[in-house]
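Engineer: Attaching a predicted model along with its sequence, questions to come.
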Amino acid sequence: MSSAIYERLAAISFSRPSGTREEKNAAEFLAGEIRRIGFEPEEESFTYTQRVPVRAELTAVTANGERIAFPVTGLIDSADTAPGGDEAEFHYLKSLDEVSLTRVRGKIVLLHDRLSEEEYRRLRKAGIAGYVTTSGTVRDTPENSDLETGRLRHQLPDLDAVPAFTIRMIDAVRLLRARPVKLHVLLQTEERTVRSQNVTVVVPGSDKAAETLVVGAHYDSVPFSLGAWDNGAGAAEIVELLSHLRTHPPRRTVKAVLFGSEETGLRGSKAWVQAHENELADIQGMVNVDVGGSILGKEIVFVTAEDDAEVWARQLLLEAGYEAVTTQRVMSSDSAVFSDHGIPSVSLGQGAPRGGGYMHTRYDNMDLISADVLEAEAGFLAQLTDRLANAEVFPIRRVIPEKLRKELIRYFGKDKSAAASLPPEEEAKPLPFHF
Ligand SMILES: [Zn+2]
């Protein structure tokens, strides 16, 4: 079965990483589709800088002096080594427990997960000289896997970055089997300015035009991936929503945004809130779509708003007969940037079953995409948008509760989160009624 959404998604299923010609091509294709529907999209370009690895090497040195080189990539925004490389003892850091942390000072550690700001702080305090993280699975082969370029997420004003690398999981096993005593690592980065773009469409409201609802999805992908599931699907569904709004004009103004450069640190949404700073006060809520269209997996509605809003979302699922679960938390996507600025958000995503997920790999292509699933998701997106855009009173209060605000501060970092400076929650509560 085929459909307009499926065809649009298929048309942008090519690797379109942040700042590339391919990313711009996808933006232009989507803008063209929006024009065909009858709206005039605005391409808003923005730039950001990052330190990109240009050379990354890792060699294990064993007790008997044997040297074994492993293919690695450097993490974006991590630090350079000395020009000739750094040599340090090696430790496999299985967890950040108290015993392990006493054994890592001055060493380069192997670990598996992305680090939260707090974890990175703990590792720096424990004195690590650098780290190596893993990508992929133990079933990969060098031929069927790609070594992704991750990013040191936390640029903390009070802490330096360390040299950081990514190694294939299969090579991490080989590395451990070699029982290295030392690692020799080399990393050279270069500061680059990246130019990317958002595509914004304003659908004017009728009788409540001063109030705004933002709907959006990112259209960029990580390198290697064709980004069908993450998140060409969301972008194609937003275009479908515009087609719906063409024939069902909203009462509130709807600003639809296709974000560039989400995968490199929510750059598009950050640029958008900055460029539209004077419009933020009028935005009642944000609806985001990130990850969808797979024939496998469950639909998830992330509600970054008060408890009542999650109840409201669940009621809407019952009313719509839409099979999905709700969760009250922050989604790691563009919606977090809006909620960090005090705007409640609802994000539609899709979770994969164990063994059926392939995010940020070459297997995120059209193979598992289903036109039926895309249609169902777009259908619910249209209902959700209609309800929010047309309600007599906006059904979600413009409040980010304390627990979610803490989650946002954890996510963006204490010094970077706008949530840290929002007025206290109490002030936003309605005044008690007096007789
Ligand atoms: Zn995504």
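Structural biologist: Okay, I see it. Numbers count the residues shown, from 1 in each chain.
Engineer: Name all residues that make contact with Met285.
Structural biologist: Actually, residue 285 is Gly. It isn't Met. By CB atoms under 8 Å, 6 or more residues apart in numbering, the residues touching Gly285 are Leu213, Val214, Ala305, Ile343, Pro344, Ser345, Val346, Leu388, Phe394, Ile396, Arg398. (Each C-beta comes from the backbone N, C-alpha and C, glycine too.)
Engineer: what's the helix or strand for it?
Structural biologist: strand 283-289 (DSSP states H and E).
Engineer: Could you do Leu30 as well?
Structural biologist: Counting by DSSP H and E, Leu30 is found in helix 21-37.
Engineer: in that helix, what counts as buried?
Structural biologist: Glu23, Lys24, Ala26, Ala27, Phe29, Leu30, Ala31, Glu33, Ile34, Ile37 (16 or more other CB atoms under 10 Å).
Engineer: I'd like to know the average pLDDT value across stretch 80-90.
Structural biologist: Mean pLDDT, stretch 80-90: 97.
Engineer: now do the same end-to-end measure for it.
Structural biologist: One end of stretch 80-90 sits 18 Å from the other (CA to CA, to the nearest Å).
Engineer: What lies in contact with that stretch?
Structural biologist: 57, 60-61, 106-110, 129-130, 163, 180-189.
Engineer: so what strands line up beside the strand holding Gly285?
Structural biologist: The strands beside strand 283-289 in its sheet (DSSP bridges) come out as strand 208-218 (parallel), strand 345-351 (parallel).
Engineer: Any part of stretch 342-356 near the ion?
Structural biologist: No: shown here: stretch 342-356 not in contact with the ion (CB under 5 Å from the ion), separated by at least 8.4 Å.
Engineer: Show me which positions of that stretch end up buried.
Structural biologist: By neighbour count with 16+ other CB under 10 Å, stretch 342-356 contains the buried residues Gly342, Ile343, Pro344, Ser345, Val346, Ser347, Leu348, Gly349, Gln350, Ala352.
Engineer: Point out where the stretch 101-250 of the chain drops to low pLDDT.
Structural biologist: Along the stretch 101-250 of the chain, segments meeting pLDDT under 70 span 154-157.
Engineer: Strands along that one, start to end?
Structural biologist: 108-111, 130-135, 164-168, 180-203, 208-218 (DSSP state E, counting those that start in this stretch).
Engineer: Would you mind giving the ones you listed as TSV with distance to the ion and mean neighbour count added?
Structural biologist: Formatted as TSV, these follow (distance: least, CB to the ion, whole Å; neighbours: other CB atoms under 10 Å):
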stretch	distance to the ion	mean neighbour count
strand 108-111	24	24
strand 130-135	17	22
strand 164-168	19	25
strand 180-203	15	19
strand 208-218	6	23
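Engineer: Let me have those in TSV, adding distance to Ala371 as columns.
Structural biologist: Below are those laid out as TSV (distance: least, CB to CB, whole Å):
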stretch	distance to Ala371
strand 108-111	40
strand 130-135	31
strand 164-168	34
strand 180-203	24
strand 208-218	18
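Engineer: Get me the contact residues on this structure for the ion.
Structural biologist: Asp230, Asn231, Asp290.
Engineer: Compute the number of surrounding residues for the residue in the stretch 251-400 of the chain that the ion sits nearest to.
Structural biologist: In the stretch 251-400 of the chain, no residue comes nearer to the ion than Asp290, which is 4.3 Å away by CB to the ion. Here the number of neighbours of Asp290 (other CB atoms under 10 Å) works out to 25.
Engineer: Just list the residues touching it, thanks.
Structural biologist: When contacts are taken as CB under 8 Å, 6+ apart, Asp290 is in contact with 217-218, 230-231, 234, 262, 331, 333-335, 347-349.
Engineer: Show me which of these is closest to Ser95.
Structural biologist: Ser95 has its nearest neighbour among those in Met331, at 26.1 Å by CB to CB.
Engineer: Touching, that closest one and Phe302? I think so.
Structural biologist: Yes: counting by CB atoms under 8 Å, Phe302 is a contact partner of Met331 at 4.1 Å.
Engineer: For those two, indicate the residue with more neighbours.
Structural biologist: In terms of neighbours (other CB under 10 Å), Phe302 is the more surrounded of Met331 and Phe302; the figures are 26 against 23.
Engineer: Pull out the buried positions in the strand or helix carrying that one.
Structural biologist: With secondary structure defined by DSSP H and E, Phe302 is part of strand 298-304. Residues of strand 298-304 classed as buried: Glu299, Ile300, Val301, Phe302, Val303, Thr304 (neighbour count, 16+ other CB under 10 Å).
Engineer: And the contacts of stretch 12-20?
Structural biologist: By CB under 8 Å, 6+ apart, stretch 12-20 touches 22-23, 25-26, 29-30, 194-196, 219-228, 232, 235-236, 260-261, 263-264, 267, 365-366.
Engineer: still on that earlier bit, tell me which of the strands paired with strand 283-289 lies nearest to Asn144.
Structural biologist: Of all these, strand 345-351 comes closest under CB to CB, at 23.9 Å.
Engineer: what is the mean pLDDT for the very next helix or strand once past the closest one?
Structural biologist: The C-terminal neighbour of strand 345-351 among helices and strands, as given by DSSP H and E, is helix 371-390. Here helix 371-390 scores 98 as its mean pLDDT.
Engineer: Next, the angle strand 345-351 makes with the helix or strand just after helix 371-390.
Structural biologist: Using DSSP H and E, the helix or strand that directly follows helix 371-390 along the chain is helix 402-412. In terms of direction (axes from the mean of the first three to the mean of the last three CA atoms, to 10 degrees), helix 402-412 departs from strand 345-351 by 60 degrees.
Engineer: hang on, the earlier thing: just the closest of the contacts of Asp290 to Tyr48, please.
Structural biologist: Nearest member of these to Tyr48, counting by CB to CB, is Glu262, at 12.2 Å.
Engineer: isn't Leu368 right up against Ser294?
Structural biologist: Yes: counting by CB under 8 Å, Leu368 does reach Ser294; the two are 4.8 Å apart.
Engineer: higher neighbour count, those two?
Structural biologist: Between Leu368 and Ser294, counted using other CB under 10 Å, the more crowded position is Ser294 (25 against 19).
Engineer: Identify the residues contacting the spatially most central residue of the chain.
Structural biologist: Nearest to the geometric centre of the chain sits Ser333, at 3.8 Å (CA atoms, centre = their mean). Residues in contact with Ser333 (CB under 8 Å, 6+ apart) are His218, Glu262, Leu266, Asn288, Asp290, Ser347, Gly349.
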